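Undergrad: sequence and predicted structure, then a few things I'm wondering about:
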Amino acid sequence: MNHVPILLLQLLAILGAARIFAVLLRRLGQPPVIGEMLAGIALGPIVFGALAPQAQAFLFASANLGALNGLSEIGLILFMFIVGAELRLPGDVRRHLGAAGATGLFSVLLPFALGLAISPALHERFAPAGIDFWSFAFFMAASMSITAFPVMARILRDNGMTATPVGRLSLTAAALADALAWIALAFVVALISSKAGWSAFAITIGGCIGLSVFLFFALRPWLARLLARHAPDGRPQAGLFALILILLFATSAATSALGLHAVFGAFLFGAALPRDDRLLECLGERIEHVALVALVPVFFALAGLNTTADAFAGAGFGALALILVVAVFGKVLGAVAGARVGGYGWRDSFAVGSLMNARGLMELIVIKIGFDIGVIGREMFTMLMVMAVLTTLMTTPLLIAFARPAPRDRLARDAGRTEGTRDERNPAT
């Protein structure tokens, strides 16, 4: 009971700061999640701790963070569940599956390779004591490869581009890239966490594969029949909704027991849900708003508490610049190469590359996992968090710049519209 007042003060500060920053960034044409990420940084030692160290130390004393950690964990599980449920391919995917496959693959492989390439320059200075080179290098490579599918979808929706060729290619490529990147991350986390040797690693990977097979080939058909019988309108009542939540937390607990983070299980369970737009809309109404508005900002605040101004001392700025260059060029050029292979023009390819460069909350989840398992320290955590914010901030301006048609393209498009109108009026032409 003694911790109830301080928890309420913490939530007041976190949610208040998150809303203020979200509104400010929204007015600048940026996704609100960027403002919430910046609010998390502002509440940490770099800003709040520097301006009012005693107040910050009192409000976020380590002894008073237990309840916030629990809320943050629940928020991440619910959020990743919704991400998995939303991760689906567009209806006309066959038309651009080849281009999307190339775009998704290249946008993961190039930043992954570049992440490995810069690791020798970063390992000795920034890896925690006792972390071997390959564990650090593989995690850095995986962290460079993430794309924020939810942020990308929001940016496309805000700019009215969801149904455009660029939007459909980007969403399909991001779905494939995220699936590939999270598989790679699960492999890396299992490798790092299995300190007992290869047998523990095999148990983790084998258990994860077995869980996936069970979810997609046994649980999914059973849930589909259950929903068809008891929720034909796609809106499960309290008992069935409670069952979905029980299965969600059970799957999250299973991946945690296997040595992976609970968010992997939440993502898997969401991806295994029957594909029903009405069900997804219902889950969004009941879960997404609570998770995003009330719980995910707690995660951002806790992430901000792990940052340190020491990350920018000495060689820190040089390391941050190197990480930013690799992250941006790896993602953008990888996606551009894939889109060009798929037959898209240069402007559309760079528009797709700009979208694939968005990392947002997904990157923060990845680096928090790395921090929790001890493969990166506070300095690298801070730099990767700054990278996540900056790469997502530049997404909308770059998209607008590349998606805006050139004068010649506009003339051709207007001519095409005129021809289309003429053809409709006179079918014989």
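TA: Yes, it's here. Because the structure is a prediction, the values reported are computed rather than measured. Residues are numbered from 1 along each chain as shown.
Undergrad: what about V296, helix or strand, and which?
TA: Assigned by DSSP states H and E, V296 belongs to helix 296-305.
Undergrad: all helices of the stretch 51-200 of the chain, in order?
TA: 53-59, 66-86, 97-126, 133-144, 149-158, 165-193, 198-214 (DSSP state H, counting those that start in this stretch).
Undergrad: buried set for the first one?
TA: Which is helix 53-59. 56, 59 (16 or more other CB atoms under 10 Å). To be clear about C-beta, it is placed using only N, CA and C from the backbone, and glycine gets the same treatment.
Undergrad: dump it to CSV, restricted to CA.
TA: C-alpha atoms of helix 53-59 as CSV (Å, rounded to 0.1, in the frame of the first residue of the first chain):
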residue,chain,number,x,y,z
PRO,A,53,18.1,15.3,-10.2
GLN,A,54,16.6,15.1,-6.7
ALA,A,55,13.0,15.0,-8.1
GLN,A,56,13.9,12.5,-10.7
ALA,A,57,15.7,10.3,-8.2
PHE,A,58,12.6,10.5,-5.9
LEU,A,59,10.0,9.8,-8.5
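Undergrad: give me the nearest residue to H261, chain neighbours excluded.
TA: Residue nearest to H261 in three dimensions, not counting chain neighbours: I369, with 4.9 Å by CB to CB, 6 or more residues apart in numbering.
Undergrad: for the helices of the stretch 51-200 of the chain, which one sits closest to A315?
TA: helix 97-126 (6.4 Å; CB to CB).
Undergrad: buried set for the closest one?
TA: Buried-residue list, helix 97-126, by 16+ other CB under 10 Å: 97, 99-112, 114-116, 118-119, 122-123, 126.
Undergrad: what helices and strands are in contact with that helix?
TA: helix 133-144, helix 165-193, helix 316-341, helix 346-356, helix 378-393 (3 or more CB pairs under 8 Å, 6 or more residues apart in numbering; DSSP states H and E).
Undergrad: averaged pLDDT, that helix. What do you get?
TA: On average, the pLDDT along helix 97-126 is 92.
Undergrad: give me the angle between that helix and helix 316-341.
TA: 170 degrees (axes from the mean of the first three to the mean of the last three CA atoms, to 10 degrees).
Undergrad: tell me which of the helices and strands packed on helix 97-126 sits most buried.
TA: Highest mean neighbour count of the helices and strands packed on helix 97-126: helix 346-356, a mean of 25 (counted as mean count of other CB atoms under 10 Å).
Undergrad: what lies in contact with it?
TA: 103, 107, 147, 152, 155-156, 165-166, 169-170, 173-174, 177, 331-336, 339-340, 344, 394-395, 398-399, 402-403, 405-406, 409 (CB atoms under 8 Å, 6 or more residues apart in numbering).
Undergrad: can you check stretch 5-20 too?
TA: 35-36, 39-40, 42-43, 59-60, 64, 67-68, 293-294, 297-298, 300-301.
Undergrad: how far is it from where the chain is centred?
TA: Distance, stretch centre to chain centre, for stretch 5-20: 24 Å (CA atoms, centre = their mean, to the nearest Å).
Undergrad: same thing with stretch 346-361?
TA: 14 Å.
Undergrad: now do stretch 337-356
TA: On CA atoms, centre = their mean, the centre of stretch 337-356 falls 21 Å from the chain's centre.
Undergrad: so for the protein, the centremost residue is which one?
TA: M362 (2.1 Å; CA atoms, centre = their mean).
Undergrad: how close does the nearest residue to it once chain neighbours are set aside sit to M380?
TA: Excluding the flanking residues, the one nearest M362 by CB to CB, 6+ apart is A148, at 4.4 Å. Separation of A148 from M380 (CB to CB, to the nearest Å): 20 Å.
Undergrad: how about H123?
TA: 10 Å.
Undergrad: close enough to count as contact, G334 and P111?
TA: Yes - between G334 and P111 there is a contact under CB atoms under 8 Å: 6.2 Å.
Undergrad: and T204, what does it touch?
TA: For T204, counting by CB under 8 Å, 6+ apart, the contacting residues are 190, 193-194, 258-260.
Undergrad: at 7 Å instead, please
TA: 190, 194, 258-260 (CB atoms under 7 Å, 6 or more residues apart in numbering).
Undergrad: report the lowest-confidence entry in the residues you listed.
TA: S194 (65).
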